[in-house]
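What shape does this take:
(one chain, ligands or ions: 1)
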Amino acid sequence: MTATIIDGKAAAAALRARVGTLAEAFTADSGRKPGLAVVLVGEDAASSVYVRNKGKATLAANMASFEHRLPADTSQAELIALVDALNRDDKVDGILVQLPLPDQLDAQAVLTRIDPEKDVDGFHPVNAGRLATGLNGFVPCTPLGCLMLLRDQLGELAGLNAVVVGRSNIVGKPMAALLTAADCTVTIAHSRTRNLAAHLAHADIVVAAVGRAKFVKGEWIKPGATVIDVGINRTEDGLVGDVDFEGAASVAAAITPVPGGVGPMTIACLLRNTLVAAHRRTGIVLDAQAI
Ligand SMILES: Nc1nc(=O)c2c([nH]1)NC[C@@H]1CN(c3ccc(C(=O)N[C@@H](CCC(=O)O)C(=O)O)cc3)C=[N+]21
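Numbers count the residues shown, from 1 in each chain. Now for the predicted structure:
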């Protein structure tokens, strides 16, 4: 079998176009554009590129972009003061503080300071709790993008066996919550799982988010499975995912590439969440399911 390569770039472009159209309508109704503030502390090269790409995508989707670049030696009090100012700023609907933060800063305290109604990353404990309990909140962008790709590929997900490899607050845990809400039978595997291959042998859906290059081997994939690779590992062979792509592509029904898979959907979902935040904050009705 040779897998269908899931085109995350195309799916993301389509999502950004839908968001852009709805953002224009929001501007016509409210008299202002949806606004996204991105905060970058320090000079990390990869983070700097992501932030620039987010800014460009925000403008292209007819939204306002507010970029805040702070020096690497910024104090906790200074960063908290900026978050407070963004919380109060009515032009700002969404706030993203780029991770990782320099060592002297307490990321959890910063994320918890963001107004949950502006938390378009979905990292605030209030939004994590809403997702866990089935309430409406903001869902982290990467798992949301993965779910959209799975629905595009498979349609109905109910009853399927899903194995999520990785248990981070940013990807693994929210991904498992979304798949559970979609009526999958969900296993969360991780670095200490015994006999991962035995779990994957039953997996109709695999989401790999462990942060280790080519950790998931092709032989472990069930024939006909759908494989979503969240990994972004910079190696000597260039950018590679958490899945052995060639091996998995020879048995899976469908697989996301790296790059060009999940990554572009993450940014598109950030814009989607910002659009939703703008509507909620102004009381303008939006059918978020239809985006
Ligand atoms: N508060 C916060 N929220 C985030 O959502 C967040 C963050 N911090 N810190 C860093 C990670 C990483 N992340 C990516 C987004 C897009 C691509 C992406 O578009 N990747 C391209 C390739 C990019 C390349 O070549 O490096 C692709 O996969 O095709 C990757 C990674 C968001 N993150």
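
quick one, strands of the stretch 1-150 of the chain?
Secondary structure of the stretch 1-150 of the chain (DSSP state E, counting those that start in this stretch): strands at 4-5, 35-41, 64-70, 94-97.

Of those strands, which is nearest the ligand?
Among the strands of the stretch 1-150 of the chain, the nearest to the ligand by CB to the nearest ligand atom is strand 94-97 (5.0 Å). C-beta: built from backbone N, CA, C; applies to glycine.

Output the contacting helices and strands for that closest one.
Applying 3 or more CB pairs under 8 Å, 6 or more residues apart in numbering; DSSP states H and E, we find strand 94-97 packed against strand 35-41, helix 76-88, helix 107-113, helix 262-282.

and the residue in the stretch 151-291 of the chain positioned nearest to the ligand, what does it touch?
Residue nearest to the ligand within the stretch 151-291 of the chain (CB to the nearest ligand atom): residue 263, separated by 2.2 Å. Neighbour list for residue 263: 8, 232 [criterion: CB atoms under 8 Å, 6 or more residues apart in numbering].

On the pLDDT front, check it for me.
If you check residue 263, the pLDDT there is 97.

what's the answer for residue 1, then?
65.

which residue packs closest to the one residue in the stretch 1-150 of the chain that gets nearest to the ligand, ignoring adjacent ones?
Nearest residue of the stretch 1-150 of the chain to the ligand: residue 99, at 3.9 Å (CB to the nearest ligand atom). Excluding its sequence neighbours, the residue lying closest to residue 99 (CB to CB, 6 or more residues apart in numbering) is residue 107, at 6.1 Å.

Also residue 259?
residue 239 (5.5 Å).

Same question for residue 218.
Using CB to CB, 6+ apart, the nearest residue to residue 218 is residue 247, at 2.0 Å.

Equivalent analysis for residue 257, please.
That would be residue 5: by CB to CB, 6+ apart, it lies 5.6 Å from residue 257.

count of residues packed around that neighbour?
14 (other CB atoms under 10 Å).

Redo the helices and strands packed on strand 94-97 as a markdown table? Include distance to residue 47.
Listed next are the helices and strands packed on strand 94-97 as a markdown table, based on distance: least, CB to CB, whole Å:
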| stretch | distance to residue 47 |
| --- | --- |
| strand 35-41 | 6 |
| helix 76-88 | 15 |
| helix 107-113 | 13 |
| helix 262-282 | 14 |
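
before we move on, the earlier item: could you report the distance from the residue of the stretch 1-150 of the chain closest to the ligand to residue 117?
Taking CB to CB, to the nearest Å as the measure, residue 99 falls 20 Å from residue 117.

Looking at those two, which is more packed in?
residue 117 (17 against 14).

how about the more buried one, what does it touch?
Residues in contact with residue 117 (CB under 8 Å, 6+ apart) are 277, 280, 281.

Determine the three-state secondary structure at residue 162.
The three-state assignment at residue 162 reads strand, by DSSP: H, G, I helix; E, B strand; the rest coil.

Flag every buried residue along stretch 214-230.
214-216, 218, 220-222, 225-230 (16 or more other CB atoms under 10 Å).

Alpha carbons of that stretch, in PDB - could you do that?
Output in PDB follows, covering the C-alpha atoms of stretch 214-230 (Å, rounded to 0.1, in the frame of the first residue of the first chain):
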ATOM      1  CA  LYS A 214      11.600   9.000  13.600                       C
ATOM      2  CA  PHE A 215      10.500   7.500  17.000                       C
ATOM      3  CA  VAL A 216       7.500   5.700  15.500                       C
ATOM      4  CA  LYS A 217       8.600   2.900  13.200                       C
ATOM      5  CA  GLY A 218       6.800   1.900  10.000                       C
ATOM      6  CA  GLU A 219       6.500  -1.700  11.100                       C
ATOM      7  CA  TRP A 220       4.400  -0.600  14.100                       C
ATOM      8  CA  ILE A 221       1.700   1.000  12.000                       C
ATOM      9  CA  LYS A 222      -1.500  -1.000  11.300                       C
ATOM     10  CA  PRO A 223      -2.100  -1.400   7.600                       C
ATOM     11  CA  GLY A 224      -4.700   1.200   6.500                       C
ATOM     12  CA  ALA A 225      -4.200   3.500   9.500                       C
ATOM     13  CA  THR A 226      -4.200   7.300   9.300                       C
ATOM     14  CA  VAL A 227      -1.000   8.800  10.700                       C
ATOM     15  CA  ILE A 228      -0.600  12.400  11.900                       C
ATOM     16  CA  ASP A 229       2.900  13.500  12.600                       C
ATOM     17  CA  VAL A 230       3.200  16.500  14.900                       C
END
